[in-house]
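# This is the structure alone, sequence omitted:
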(Lines give C-alpha, C1' and ligand atoms only; values in the text may rest on other atoms or scores of the structure.)
Protein backbone atom coordinates (compact mmCIF):
# COMPACT_ATOMS: atom_id res chain seq x y z
CA UNK A 1 0.00 0.00 0.00
CA UNK A 2 2.81 2.35 0.95
CA UNK A 3 4.68 1.52 -2.26
CA UNK A 4 1.57 2.21 -4.35
CA UNK A 5 1.07 5.59 -2.66
CA UNK A 6 4.73 6.51 -3.33
CA UNK A 7 4.45 5.58 -7.02
CA UNK A 8 1.25 7.62 -7.25
CA UNK A 9 2.99 10.70 -5.78
CA UNK A 10 5.86 10.35 -8.25
CA UNK A 11 3.37 10.13 -11.11
CA UNK A 12 1.60 13.28 -9.93
CA UNK A 13 4.96 15.08 -9.75
CA UNK A 14 5.80 14.08 -13.32
CA UNK A 15 2.40 15.26 -14.52
CA UNK A 16 2.81 18.63 -12.79
CA UNK A 17 6.35 19.02 -14.16
CA UNK A 18 5.19 18.21 -17.69
CA UNK A 19 2.32 20.69 -17.38
CA UNK A 20 4.70 23.37 -16.15
CA UNK A 21 7.13 22.72 -19.02
CA UNK A 22 4.32 22.88 -21.57
CA UNK A 23 3.10 26.15 -20.08
CA UNK A 24 6.62 27.59 -20.11
CA UNK A 25 7.10 26.67 -23.77
CA UNK A 26 3.90 28.55 -24.64
CA UNK A 27 5.12 31.75 -22.96
CA UNK A 28 6.58 34.44 -25.22
CA UNK A 29 9.93 35.78 -23.96
CA UNK A 30 8.98 39.28 -25.17
CA UNK A 31 5.74 41.19 -25.60
CA UNK A 32 3.57 40.60 -28.68
CA UNK A 33 1.30 43.15 -30.31
CA UNK A 34 0.44 45.12 -33.47
CA UNK A 35 2.65 47.84 -34.91
CA UNK A 36 1.62 51.40 -35.64
CA UNK A 37 3.97 52.57 -38.39
CA UNK A 38 2.69 55.46 -40.57
CA UNK A 39 2.44 53.43 -43.81
CA UNK A 40 2.42 49.65 -43.24
CA UNK A 41 3.81 47.40 -45.97
CA UNK A 42 1.82 44.29 -46.89
CA UNK A 43 3.57 41.20 -48.21
CA UNK A 44 2.23 39.77 -51.47
CA UNK A 45 3.63 36.60 -53.08
CA UNK A 46 2.95 38.08 -56.53
CA UNK A 47 5.51 40.84 -55.96
CA UNK A 48 8.31 38.35 -56.54
CA UNK A 49 7.29 38.24 -60.20
CA UNK A 50 8.43 41.88 -60.53
CA UNK A 51 11.86 41.27 -58.98
CA UNK A 52 14.83 41.26 -61.41
CA UNK A 53 15.92 37.76 -62.33
CA UNK A 54 19.51 38.27 -61.21
CA UNK A 55 18.33 39.16 -57.68
CA UNK A 56 16.85 35.66 -57.36
CA UNK A 57 19.48 33.63 -59.20
CA UNK A 58 22.82 35.34 -58.67
CA UNK A 59 22.55 36.27 -54.97
CA UNK A 60 22.37 33.96 -51.95
CA UNK A 61 19.36 35.94 -50.65
CA UNK A 62 17.16 38.81 -51.77
CA UNK A 63 15.56 41.45 -49.55
CA UNK A 64 12.12 42.27 -50.91
CA UNK A 65 11.46 45.00 -48.36
CA UNK A 66 13.36 46.80 -45.60
CA UNK A 67 11.55 49.56 -43.75
CA UNK A 68 12.25 51.61 -40.63
CA UNK A 69 9.79 54.05 -39.09
CA UNK A 70 10.62 56.45 -36.24
CA UNK A 71 7.85 58.20 -34.34
CA UNK A 72 9.44 60.98 -32.26
CA UNK A 73 7.23 62.23 -29.45
CA UNK A 74 7.45 65.67 -27.83
CA UNK A 75 9.30 64.46 -24.72
CA UNK A 76 11.96 62.61 -26.73
CA UNK A 77 10.39 59.15 -26.52
CA UNK A 78 11.06 57.32 -29.78
CA UNK A 79 9.04 54.44 -31.15
CA UNK A 80 10.90 52.65 -33.94
CA UNK A 81 9.32 49.97 -36.13
CA UNK A 82 11.55 47.72 -38.24
CA UNK A 83 10.12 45.50 -40.98
CA UNK A 84 12.22 43.08 -43.06
CA UNK A 85 11.19 40.55 -45.72
CA UNK A 86 13.96 38.31 -47.07
CA UNK A 87 13.90 35.42 -49.56
CA UNK A 88 16.36 32.54 -49.16
CA UNK A 89 17.66 31.78 -52.66
CA UNK A 90 20.04 28.96 -51.71
CA UNK A 91 21.51 26.77 -49.02
CA UNK A 92 24.18 29.31 -48.12
CA UNK A 93 21.55 31.83 -47.08
CA UNK A 94 19.69 29.20 -45.06
CA UNK A 95 22.86 28.47 -43.11
CA UNK A 96 23.58 32.16 -42.56
CA UNK A 97 20.11 33.66 -42.07
CA UNK A 98 18.13 30.77 -40.60
CA UNK A 99 18.95 32.11 -37.15
CA UNK A 100 17.57 35.65 -37.22
CA UNK A 101 19.85 37.83 -35.06
CA UNK A 102 18.96 41.42 -35.96
CA UNK A 103 16.84 42.29 -32.91
CA UNK A 104 18.74 43.92 -30.04
CA UNK A 105 17.59 46.39 -27.40
CA UNK A 106 18.49 47.86 -24.02
CA UNK A 107 15.91 46.85 -21.40
CA UNK A 108 17.07 49.71 -19.15
CA UNK A 109 15.06 52.17 -21.22
CA UNK A 110 13.57 50.28 -24.19
CA UNK A 111 10.60 47.95 -24.49
CA UNK A 112 10.57 45.38 -27.28
CA UNK A 113 7.36 44.22 -28.94
CA UNK A 114 7.50 41.48 -31.55
CA UNK A 115 4.85 42.40 -34.11
CA UNK A 116 5.23 39.62 -36.70
CA UNK A 117 7.44 36.59 -37.30
CA UNK A 118 6.30 34.54 -40.29
CA UNK A 119 7.69 32.02 -42.73
CA UNK A 120 6.19 32.25 -46.22
CA UNK A 121 6.37 29.11 -48.39
CA UNK A 122 6.53 29.13 -52.19
CA UNK A 123 3.01 27.67 -52.41
CA UNK A 124 1.58 30.56 -50.38
CA UNK A 125 1.37 28.78 -47.01
CA UNK A 126 2.38 30.65 -43.86
CA UNK A 127 4.21 29.14 -40.91
CA UNK A 128 3.70 31.21 -37.77
CA UNK A 129 6.62 31.30 -35.37
CA UNK A 130 5.87 29.90 -31.91
CA UNK A 131 7.40 30.80 -28.51
CA UNK A 132 9.66 27.74 -28.62
CA UNK A 133 11.40 29.18 -31.69
CA UNK A 134 12.56 32.28 -29.76
CA UNK A 135 15.51 32.74 -27.43
CA UNK A 136 16.30 35.87 -25.42
CA UNK A 137 19.90 36.21 -24.31
CA UNK A 138 22.60 38.71 -23.34
CA UNK A 139 24.45 40.26 -26.27
CA UNK A 140 27.94 39.88 -24.82
CA UNK A 141 29.56 39.35 -21.46
CA UNK A 142 33.15 39.06 -20.31
CA UNK A 143 34.90 39.03 -16.98
CA UNK A 144 35.42 42.81 -16.81
CA UNK A 145 32.43 44.45 -18.45
CA UNK A 146 28.80 43.61 -18.96
CA UNK A 147 26.68 44.81 -21.86
CA UNK A 148 23.10 45.29 -20.74
CA UNK A 149 21.69 44.88 -24.23
CA UNK A 150 19.55 41.84 -24.99
CA UNK A 151 19.31 39.92 -28.23
CA UNK A 152 16.22 38.10 -29.46
CA UNK A 153 17.06 35.15 -31.70
CA UNK A 154 14.42 33.62 -33.96
CA UNK A 155 15.17 30.07 -35.13
CA UNK A 156 13.02 29.52 -38.21
CA UNK A 157 11.99 25.85 -38.54
CA UNK A 158 11.89 23.61 -41.63
CA UNK A 159 13.62 26.06 -43.96
CA UNK A 160 13.80 25.29 -47.66
CA UNK A 161 15.26 27.09 -50.66
CA UNK A 162 12.71 29.67 -51.82
CA UNK A 163 11.26 30.37 -48.37
CA UNK A 164 10.68 33.99 -47.35
CA UNK A 165 11.27 35.28 -43.82
CA UNK A 166 9.16 38.19 -42.57
CA UNK A 167 9.96 39.85 -39.26
CA UNK A 168 8.62 43.07 -37.76
CA UNK A 169 9.32 44.48 -34.33
CA UNK A 170 8.87 47.70 -32.36
CA UNK A 171 11.21 49.36 -29.86
CA UNK A 172 9.89 52.11 -27.63
CA UNK A 173 11.85 54.16 -25.15
CA UNK A 174 13.65 57.35 -24.25
CA UNK A 175 17.43 57.27 -24.31
CA UNK A 176 18.62 58.97 -21.10
CA UNK A 177 21.73 60.33 -22.84
CA UNK A 178 19.94 62.05 -25.72
CA UNK A 179 18.24 64.71 -23.62
CA UNK A 180 14.95 64.46 -25.48
CA UNK A 181 16.58 64.77 -28.91
CA UNK A 182 16.49 62.42 -31.89
CA UNK A 183 19.36 61.92 -34.33
CA UNK A 184 20.03 59.05 -36.67
CA UNK A 185 21.80 57.76 -39.77
CA UNK A 186 20.10 55.38 -42.14
CA UNK A 187 21.92 53.57 -44.95
CA UNK A 188 19.88 52.22 -47.84
CA UNK A 189 20.40 48.69 -49.09
CA UNK A 190 22.44 45.82 -47.72
CA UNK A 191 26.15 45.22 -48.39
CA UNK A 192 25.67 41.47 -48.92
CA UNK A 193 22.28 41.09 -50.62
CA UNK A 194 20.27 43.05 -53.22
CA UNK A 195 17.31 45.03 -51.86
CA UNK A 196 14.19 45.65 -53.93
CA UNK A 197 12.69 48.44 -51.78
CA UNK A 198 14.11 50.27 -48.77
CA UNK A 199 12.10 52.94 -46.92
CA UNK A 200 12.70 55.34 -44.04
CA UNK A 201 9.93 57.23 -42.20
CA UNK A 202 10.42 59.89 -39.52
CA UNK A 203 7.46 61.52 -37.79
CA UNK A 204 8.19 64.65 -35.70
CA UNK A 205 6.22 67.58 -34.35
CA UNK A 206 5.66 70.51 -36.71
CA UNK A 207 7.01 72.89 -34.08
CA UNK A 208 10.28 71.02 -33.65
CA UNK A 209 13.53 71.77 -35.45
CA UNK A 210 14.49 69.02 -37.88
CA UNK A 211 17.55 68.97 -40.16
CA UNK A 212 18.30 66.30 -42.73
CA UNK A 213 20.55 65.59 -45.71
CA UNK A 214 21.32 62.73 -48.08
CA UNK A 215 24.93 61.71 -48.66
CA UNK A 216 26.59 59.74 -51.50
CA UNK A 217 23.46 60.04 -53.58
CA UNK A 218 20.35 62.12 -53.98
CA UNK A 219 17.26 60.96 -52.08
CA UNK A 220 14.61 63.62 -51.50
CA UNK A 221 11.89 63.00 -48.91
CA UNK A 222 8.16 63.20 -49.43
CA UNK A 223 6.79 65.44 -46.69
CA UNK A 224 3.19 65.24 -45.49
CA UNK A 225 1.42 66.77 -42.50
CA UNK A 226 -1.15 65.21 -40.25
CA UNK A 227 -2.55 66.82 -37.10
CA UNK A 228 0.43 68.19 -35.14
CA UNK A 229 3.10 66.07 -36.84
CA UNK A 230 5.13 66.19 -40.02
CA UNK A 231 6.05 62.90 -41.74
CA UNK A 232 9.25 62.56 -43.78
CA UNK A 233 9.46 59.62 -46.16
CA UNK A 234 12.61 58.53 -48.02
CA UNK A 235 12.81 55.48 -50.24
CA UNK A 236 15.34 53.80 -52.51
CA UNK A 237 14.53 51.07 -55.02
CA UNK A 238 16.76 48.32 -56.43
CA UNK A 239 19.80 48.72 -54.19
CA UNK A 240 22.38 46.24 -55.45
CA UNK A 241 24.76 44.37 -53.20
CA UNK A 242 28.24 45.86 -52.91
CA UNK A 243 31.07 44.48 -55.04
CA UNK A 244 33.31 42.06 -53.18
CA UNK A 245 36.56 43.10 -54.90
CA UNK A 246 39.62 44.14 -52.93
CA UNK A 247 40.78 47.77 -52.82
CA UNK A 248 37.33 49.18 -53.48
CA UNK A 249 36.37 52.77 -52.54
CA UNK A 250 35.00 53.33 -49.06
CA UNK A 251 31.58 51.84 -48.33
CA UNK A 252 30.39 55.33 -47.40
CA UNK A 253 30.94 56.34 -51.02
CA UNK A 254 29.16 53.32 -52.48
CA UNK A 255 25.94 53.43 -50.43
CA UNK A 256 23.49 56.30 -50.09
CA UNK A 257 22.52 57.28 -46.57
CA UNK A 258 20.35 59.88 -44.85
CA UNK A 259 21.36 61.83 -41.74
CA UNK A 260 18.78 63.65 -39.61
CA UNK A 261 18.65 65.43 -36.27
CA UNK A 262 16.36 67.54 -34.08
CA UNK A 263 19.24 69.70 -32.81
CA UNK A 264 18.75 73.26 -34.04
CA UNK A 265 22.45 74.26 -34.20
CA UNK A 266 25.98 73.16 -33.37
CA UNK A 267 25.88 75.49 -30.37
CA UNK A 268 22.99 73.43 -29.01
CA UNK A 269 25.03 70.27 -29.58
CA UNK A 270 27.85 71.88 -27.59
CA UNK A 271 25.55 72.76 -24.69
CA UNK A 272 24.13 69.24 -24.70
CA UNK A 273 27.56 67.65 -24.65
CA UNK A 274 28.86 70.03 -21.97
CA UNK A 275 25.97 69.01 -19.74
CA UNK A 276 26.55 65.34 -20.50
CA UNK A 277 30.25 65.60 -19.58
CA UNK A 278 29.86 67.95 -16.63
CA UNK A 279 31.76 65.59 -14.32
CA UNK A 280 34.17 64.27 -16.96
CA UNK A 281 36.73 67.07 -16.58
CA UNK A 282 37.34 66.42 -12.88
CA UNK A 283 40.80 65.23 -11.94
CA UNK A 284 41.92 63.47 -8.75
CA UNK A 285 44.97 63.63 -6.45
CA UNK A 286 46.24 60.38 -7.96
CA UNK A 287 45.99 61.73 -11.51
CA UNK A 288 47.62 65.03 -10.54
CA UNK A 289 50.50 63.21 -8.86
CA UNK A 290 51.07 61.03 -11.93
CA UNK A 291 51.10 64.07 -14.25
CA UNK A 292 53.65 65.80 -12.04
CA UNK A 293 55.92 62.74 -12.05
CA UNK A 294 55.75 62.29 -15.81
CA UNK A 295 56.43 65.94 -16.70
CA UNK A 296 58.78 67.04 -13.87
CA UNK A 297 61.94 67.12 -16.00
CA UNK A 298 60.29 68.29 -19.23
CA UNK A 299 60.38 71.92 -20.29
CA UNK A 300 58.45 72.17 -23.56
CA UNK A 301 54.74 71.70 -24.15
CA UNK A 302 55.36 69.24 -26.96
CA UNK A 303 57.61 67.07 -24.79
CA UNK A 304 54.96 67.01 -22.06
CA UNK A 305 52.18 66.09 -24.50
CA UNK A 306 54.33 63.33 -25.99
CA UNK A 307 55.24 61.85 -22.60
CA UNK A 308 51.66 61.90 -21.30
CA UNK A 309 50.36 60.30 -24.52
CA UNK A 310 52.86 57.44 -24.36
CA UNK A 311 52.11 56.89 -20.67
CA UNK A 312 48.43 56.61 -21.51
CA UNK A 313 48.98 54.09 -24.28
CA UNK A 314 51.38 51.94 -22.27
CA UNK A 315 49.38 51.89 -19.05
CA UNK A 316 45.67 52.13 -19.98
CA UNK A 317 44.40 49.25 -22.07
CA UNK A 318 41.90 49.88 -24.84
CA UNK A 319 38.65 47.91 -24.44
CA UNK A 320 36.35 48.34 -27.43
CA UNK A 321 33.16 46.82 -26.00
CA UNK A 322 31.64 47.18 -22.59
CA UNK A 323 28.91 48.75 -20.56
CA UNK A 324 26.67 50.80 -22.81
CA UNK A 325 27.59 54.50 -22.60
CA UNK A 326 27.34 55.81 -26.13
CA UNK A 327 28.35 59.41 -25.49
CA UNK A 328 29.21 59.61 -21.79
CA UNK A 329 32.70 58.49 -20.77
CA UNK A 330 33.38 56.84 -17.45
CA UNK A 331 34.85 59.23 -14.83
CA UNK A 332 38.58 59.75 -15.43
CA UNK A 333 39.43 58.64 -11.88
CA UNK A 334 37.72 55.28 -12.51
CA UNK A 335 39.49 54.78 -15.84
CA UNK A 336 42.79 55.70 -14.17
CA UNK A 337 42.17 53.15 -11.42
CA UNK A 338 40.93 50.36 -13.70
CA UNK A 339 43.56 51.02 -16.38
CA UNK A 340 41.18 50.19 -19.25
CA UNK A 341 38.51 51.93 -21.29
CA UNK A 342 37.22 52.66 -24.78
CA UNK A 343 38.13 55.61 -27.01
CA UNK A 344 35.86 58.03 -25.11
CA UNK A 345 37.27 56.96 -21.76
CA UNK A 346 40.94 57.11 -22.71
CA UNK A 347 40.72 60.36 -24.66
CA UNK A 348 38.83 62.05 -21.80
CA UNK A 349 41.41 60.87 -19.23
CA UNK A 350 44.30 62.06 -21.40
CA UNK A 351 42.53 65.39 -21.93
CA UNK A 352 42.28 65.84 -18.15
CA UNK A 353 45.99 64.97 -17.76
CA UNK A 354 47.03 67.36 -20.54
CA UNK A 355 44.99 70.17 -19.04
CA UNK A 356 46.50 69.45 -15.62
CA UNK A 357 49.92 69.90 -17.28
CA UNK A 358 48.81 73.31 -18.58
CA UNK A 359 48.31 72.27 -22.21
CA UNK A 360 45.40 73.33 -24.45
CA UNK A 361 43.27 70.37 -25.48
CA UNK A 362 39.85 69.71 -27.03
CA UNK A 363 37.81 66.59 -27.67
CA UNK A 364 37.28 65.61 -31.32
CA UNK A 365 34.42 63.38 -32.47
CA UNK A 366 34.39 61.92 -35.97
CA UNK A 367 33.17 59.05 -38.11
CA UNK A 368 36.03 56.77 -39.08
CA UNK A 369 36.71 55.64 -42.63
CA UNK A 370 33.77 53.52 -43.91
CA UNK A 371 31.48 54.74 -41.09
CA UNK A 372 30.48 58.03 -42.73
CA UNK A 373 31.39 61.68 -42.29
CA UNK A 374 30.05 64.30 -39.89
CA UNK A 375 27.70 66.47 -41.98
CA UNK A 376 28.07 70.21 -41.37
CA UNK A 377 24.52 71.06 -42.45
CA UNK A 378 22.99 68.62 -39.93
CA UNK A 379 23.99 69.50 -36.33
CA UNK A 380 24.25 66.21 -34.47
CA UNK A 381 26.43 64.61 -31.77
CA UNK A 382 26.78 61.49 -33.93
CA UNK A 383 30.24 59.96 -34.17
CA UNK A 384 31.95 56.57 -34.04
CA UNK A 385 35.37 57.55 -32.68
CA UNK A 386 36.90 60.02 -30.21
CA UNK A 387 40.38 61.54 -30.51
CA UNK A 388 42.07 64.70 -29.20
CA UNK A 389 43.04 67.99 -30.80
CA UNK A 390 46.05 69.70 -29.17
CA UNK A 391 47.16 73.06 -30.67
CA UNK A 392 50.74 73.81 -29.55
CA UNK A 393 53.28 76.49 -30.54
CA UNK A 394 54.98 74.07 -32.97
CA UNK A 395 51.71 73.24 -34.73
CA UNK A 396 48.41 71.39 -34.38
CA UNK A 397 48.58 67.82 -33.11
CA UNK A 398 45.96 65.07 -33.29
CA UNK A 399 46.13 62.19 -30.80
CA UNK A 400 44.43 58.82 -31.14
CA UNK A 401 44.69 57.14 -27.74
CA UNK A 402 43.82 53.71 -29.19
CA UNK A 403 46.92 53.62 -31.43
CA UNK A 404 49.40 51.65 -29.32
CA UNK A 405 52.32 51.16 -31.73
CA UNK A 406 52.46 54.48 -33.54
CA UNK A 407 53.95 57.92 -33.00
CA UNK A 408 52.36 60.02 -30.28
CA UNK A 409 50.60 62.33 -32.76
CA UNK A 410 50.39 59.98 -35.76
CA UNK A 411 46.91 59.48 -37.23
CA UNK A 412 46.08 56.16 -38.93
CA UNK A 413 44.28 56.01 -42.26
CA UNK A 414 40.84 55.60 -40.65
CA UNK A 415 41.20 58.99 -38.91
CA UNK A 416 42.49 60.91 -41.91
CA UNK A 417 40.55 63.55 -43.84
CA UNK A 418 37.54 63.26 -41.53
CA UNK A 419 35.34 66.22 -40.68
CA UNK A 420 34.95 66.32 -36.92
CA UNK A 421 33.47 68.61 -34.29
CA UNK A 422 35.91 69.92 -31.69
CA UNK A 423 34.58 70.44 -28.16
CA UNK A 424 36.52 72.26 -25.44
CA UNK A 425 35.85 72.08 -21.71
CA UNK A 426 33.54 75.13 -21.94
CA UNK A 427 31.22 73.46 -24.45
CA UNK A 428 32.29 75.49 -27.48
CA UNK A 429 32.18 73.59 -30.78
CA UNK A 430 34.32 74.13 -33.87
CA UNK A 431 34.22 72.07 -37.06
CA UNK A 432 37.65 71.01 -38.34
CA UNK A 433 38.97 68.40 -40.74
CA UNK A 434 41.78 66.06 -39.78
CA UNK A 435 44.91 66.03 -41.99
CA UNK A 436 44.52 64.15 -45.29
CA UNK A 437 46.51 60.98 -45.99
CA UNK A 438 49.87 61.40 -47.68
CA UNK A 439 52.73 59.27 -48.95
CA UNK A 440 54.84 59.81 -45.83
CA UNK A 441 52.09 58.25 -43.78
CA UNK A 442 52.72 54.85 -45.36
CA UNK A 443 56.24 54.84 -46.79
CA UNK A 444 58.73 52.05 -47.51
CA UNK A 445 62.37 52.72 -48.37
CA UNK A 446 64.06 49.53 -49.57
CA UNK A 447 67.65 49.32 -50.78
CA UNK A 448 69.17 46.05 -51.99
CA UNK A 449 72.84 45.51 -52.88
CA UNK A 450 73.40 42.43 -55.06
CA UNK A 451 76.65 40.51 -55.63
CA UNK A 452 76.69 37.88 -58.38
CA UNK A 453 79.06 34.93 -58.03
CA UNK A 454 80.70 33.12 -60.96
CA UNK A 455 78.33 30.18 -60.51
CA UNK A 456 75.29 32.44 -61.02
CA UNK A 457 74.30 32.57 -57.34
CA UNK A 458 73.46 35.95 -55.82
CA UNK A 459 74.14 37.38 -52.38
CA UNK A 460 71.82 40.22 -51.38
CA UNK A 461 72.02 42.71 -48.54
CA UNK A 462 68.77 44.59 -48.08
CA UNK A 463 67.89 47.52 -45.83
CA UNK A 464 64.21 48.29 -45.25
CA UNK A 465 63.04 51.49 -43.53
CA UNK A 466 59.31 51.93 -42.88
CA UNK A 467 57.37 55.02 -41.80
CA UNK A 468 53.85 55.72 -40.53
CA UNK A 469 51.34 52.95 -41.11
CA UNK A 470 54.06 50.79 -42.67
CA UNK A 471 56.04 51.05 -39.42
CA UNK A 472 52.87 50.16 -37.51
CA UNK A 473 52.62 46.95 -39.50
CA UNK A 474 56.28 46.12 -38.87
CA UNK A 475 55.96 46.65 -35.13
CA UNK A 476 52.79 44.62 -35.01
CA UNK A 477 54.59 41.72 -36.73
CA UNK A 478 58.00 41.86 -35.02
CA UNK A 479 57.82 43.73 -31.69
CA UNK A 480 58.10 41.39 -28.70
CA UNK A 481 58.40 38.41 -31.06
CA UNK A 482 61.09 35.69 -30.64
CA UNK A 483 64.05 35.76 -33.03
CA UNK A 484 63.06 32.42 -34.55
CA UNK A 485 59.56 33.66 -35.40
CA UNK A 486 60.99 36.83 -36.93
CA UNK A 487 63.27 34.75 -39.16
CA UNK A 488 60.41 32.48 -40.16
CA UNK A 489 58.26 35.43 -41.30
CA UNK A 490 61.04 37.10 -43.28
CA UNK A 491 62.13 33.79 -44.85
CA UNK A 492 58.56 33.14 -45.96
CA UNK A 493 58.39 36.59 -47.62
CA UNK A 494 61.68 36.00 -49.44
CA UNK A 495 60.58 32.58 -50.68
CA UNK A 496 57.28 34.02 -51.91
CA UNK A 497 59.38 36.13 -54.27
CA UNK A 498 61.86 33.37 -55.12
CA UNK A 499 61.42 29.83 -53.89
CA UNK A 500 65.21 29.24 -53.78
CA UNK A 501 65.97 32.21 -51.51
CA UNK A 502 67.72 31.39 -48.23
CA UNK A 503 67.86 33.80 -45.29
CA UNK A 504 71.38 34.18 -43.85
CA UNK A 505 71.08 37.04 -41.38
CA UNK A 506 68.34 39.26 -39.96
CA UNK A 507 68.74 42.26 -37.64
CA UNK A 508 66.43 45.04 -36.47
CA UNK A 509 67.31 48.40 -35.00
CA UNK A 510 65.86 47.53 -31.60
CA UNK A 511 66.15 51.08 -30.25
CA UNK A 512 64.11 52.40 -33.18
CA UNK A 513 61.64 49.53 -32.76
CA UNK A 514 60.98 50.64 -29.17
CA UNK A 515 60.75 54.36 -30.02
CA UNK A 516 57.38 54.66 -31.74
CA UNK A 517 58.15 58.10 -33.16
CA UNK A 518 61.02 56.67 -35.23
CA UNK A 519 60.86 54.56 -38.40
CA UNK A 520 61.48 50.81 -38.17
CA UNK A 521 64.73 49.66 -39.77
CA UNK A 522 65.61 46.07 -40.64
CA UNK A 523 68.65 44.58 -42.38
CA UNK A 524 68.34 41.30 -44.27
CA UNK A 525 71.11 39.21 -45.81
CA UNK A 526 70.04 36.37 -48.10
CA UNK A 527 71.26 34.37 -51.06
CA UNK A 528 69.60 32.83 -54.10
CA UNK A 529 71.45 29.81 -55.56
CA UNK A 530 71.39 29.68 -59.35
CA UNK A 531 69.78 33.12 -59.49
CA UNK A 532 71.55 34.08 -62.72
CA UNK A 533 72.19 30.67 -64.25
CA UNK A 534 70.15 28.55 -66.59
CA UNK A 535 69.82 27.53 -70.23
CA UNK A 536 71.93 29.44 -72.78
CA UNK A 537 68.92 31.19 -74.27
CA UNK A 538 67.89 32.53 -70.85
CA UNK A 539 71.46 33.60 -70.09
CA UNK A 540 71.63 35.55 -73.33
CA UNK A 541 74.69 33.76 -74.71
CA UNK A 542 75.30 31.48 -77.67
CA UNK A 543 77.23 28.23 -77.44
CA UNK A 544 79.82 27.60 -80.15
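Ah, there it is. Everything numeric here is computed off the predicted structure, so don't read it as measured data.

# and residue 205, bridged to which residues?
Here residue 205 sits in beta bridges with residue 229, going by DSSP bridges.

# thought residue 156 was touching residue 98?
Yes: using Cβ atoms under 8 Å, residue 156 makes contact with residue 98 at a distance of 5.6 Å. Backbone N, C-alpha and C define where each C-beta goes, glycine included.

# Those two: who's more crowded?
Set residue 156 next to residue 98 and count neighbours by other Cβ atoms under 10 Å: residue 156 wins out with 20 against 15.

# Give the buried residues for whichever strand or helix holds residue 312.
Residue 312 belongs to helix 301-315 when assigned by DSSP states H and E. For helix 301-315, burial by neighbour count (16 or more other Cβ atoms under 10 Å) applies to 301-302, 304-313.

# could you point out which element follows that helix?
Criterion used, DSSP H and E; the element after helix 301-315 is strand 317-318.

# Name the nearest residue to residue 274, ignoring sequence neighbours.
residue 427 (3.0 Å; Cβ to Cβ, 6 or more residues apart in numbering).

# Quick check: the one you found vs residue 421, distance?
12 Å (Cβ to Cβ, to the nearest Å).

# thinking again about what came up before, of all pairs in the buried residues of helix 301-315, which one is the farthest apart?
Farthest apart among the buried residues of helix 301-315 by Cβ to Cβ are 301 and 313. That separation is 18.9 Å.

# which SS class is residue 432?
With DSSP: H, G, I helix; E, B strand; the rest coil as the basis, the three-state label of residue 432 is strand.

# Make sure it is actually in contact with residue 387.
No: using Cβ under 8 Å, residue 432 is not in contact with residue 387; the gap is 11.3 Å.

# Of these two, which one has the most company?
residue 387 (24 against 15).

# what residues does the helix or strand that that one is a member of touch?
Under DSSP H and E, the secondary-structure element containing residue 387 is strand 385-392. Applying Cβ atoms under 8 Å, 6 or more residues apart in numbering, the contact partners of strand 385-392 are 301-302, 305, 343-344, 347-348, 350-351, 354, 359-368, 371, 396-401, 409, 411, 414-415, 420, 422, 432, 434.

# Try it again at 6 Å.
By Cβ atoms under 6 Å, 6 or more residues apart in numbering, the surrounding residues in contact with strand 385-392 are 301-302, 305, 343-344, 347, 351, 360-362, 364-366, 368, 397-400, 422.

# do stretch 193-208 as well
Contact with stretch 193-208 is made by 38, 51, 55, 59, 61-72, 74, 186, 188-189, 210, 228-237, 239-241, 262, as judged by Cβ under 6 Å, 6+ apart.

# Could I get the buried residue list for it?
Buried, per 16+ other Cβ under 10 Å, within stretch 193-208: 193-204.

# now swap in stretch 94-104 and tell me
Under the neighbour-count criterion of 16+ other Cβ under 10 Å, stretch 94-104 has 94, 97, 100, 103 buried.

# Restricted to helices, list the residues you listed.
Secondary structure from DSSP state H places 94, 97 of the buried residues of stretch 94-104 in helices.

# Nearest to residue 33 among the buried residues of stretch 94-104?
Nearest to residue 33 among the buried residues of stretch 94-104: residue 103, at 14.8 Å, using Cβ to Cβ.

# just checking, that closest one touches residue 152?
Yes: using Cβ atoms under 6 Å, residue 103 is in contact with residue 152, at 4.2 Å.

# List of residues touching the helix or strand hosting residue 232?
Residue 232 belongs to strand 229-239 when assigned by DSSP H and E. With contact meaning Cβ under 6 Å, 6+ apart, strand 229-239 is reached by 38, 188-189, 195, 197-203, 205-206, 219, 221-224, 258.

# Tell me which of those fall in strands.
195, 197-203, 205, 222-224, 258 (DSSP state E).

# Between all of those residues, which two are at the greatest distance?
Distance extremes for these: the farthest pair is 195 and 205 at 30.5 Å, using Cβ to Cβ.

# The closest residue to residue 176 other than its chain neighbours and residue 424, how far apart?
Among residues not flanking residue 176 along the chain, residue 109 sits closest, at 6.0 Å (Cβ to Cβ, 6+ apart). Here the criterion is Cβ to Cβ. By it, residue 109 lies 30 Å from residue 424.
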